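Colleague: Take a look and give me a structure for this.
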Amino acid sequence: MSRILMVDDSPTEIVVVKKALESKGHTVITANNGAEGVEKAKTEKPDLVLMDIVMPDMNGFKATREISKNPETSSIPIIIMSSKDQVTDMEWAKRQGATGYLVKPANEDELFAAVDEALGG
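Modeller: Coordinates of the predicted model:
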């Protein structure tokens, strides 16, 4: 299946989402903040990035912008996964280069549908 980079500072969220995605055959790579996520996007070249917004060091909006604007990583789709549920946050995420947006806690069906859509499945 696909290699998915999950960027989130919540160990609990990582465990839950990673387990769900691995049950569908995906390989999940993790990063604990935006800066680490940007670096891993460059080195690991995942098929998809799941990005939290509120994180230390570099927030998800900035990390999304850096990944989507860098020629090395611009082809990688990014789904924002955040507890921020305002329309303005969703619009801003799209302007930064996100291809999708899920509000936490996303149920497994929403997660799988968004991942399949982003991966072109």
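Colleague: Which pLDDT does the model give M1?
Modeller: pLDDT, M1: 84.
Colleague: Chain neighbours aside, what residue packs nearest to it?
Modeller: Leaving aside its chain neighbours, M1 sits nearest to G25 (3.8 Å; criterion: Cβ to Cβ, 6 or more residues apart in numbering). Heads up, the C-betas are built off the backbone N, CA and C, glycines and all.
Colleague: go on, A114?
Modeller: Using Cβ to Cβ, 6+ apart, the closest residue to A114 is G100 (5.0 Å).
Colleague: Now do the one you found against E39, distance only.
Modeller: Using Cβ to Cβ, to the nearest Å, G100 is found at 22 Å from E39.
Colleague: Same question for A98.
Modeller: 19 Å.
Colleague: Also P77?
Modeller: From P77 to E39 the distance is 18 Å (Cβ to Cβ).
Colleague: So these two - more neighbours on which side?
Modeller: P77 (21 against 13; other Cβ atoms under 10 Å).
Colleague: just checking, what packs against the helix or strand hosting I67?
Modeller: Per DSSP states H and E, I67 falls inside helix 60-69. Under the contact definition 3 or more Cβ pairs under 8 Å, 6 or more residues apart in numbering; DSSP states H and E, helix 60-69 sits against helix 34-44, strand 48-51, strand 78-82, helix 87-96.
Colleague: Now the first one: buried residues?
Modeller: Across helix 34-44, burial judged by 16 or more other Cβ atoms under 10 Å covers 34-38, 40-41, 44.
Colleague: got a list of contacts for that helix?
Modeller: Contacts with helix 34-44, where a contact means Cβ atoms under 8 Å, 6 or more residues apart in numbering, come from 3, 5, 7, 29, 31, 46, 49, 51, 55, 57-60, 62-63, 66-67, 70, 72-73, 76.
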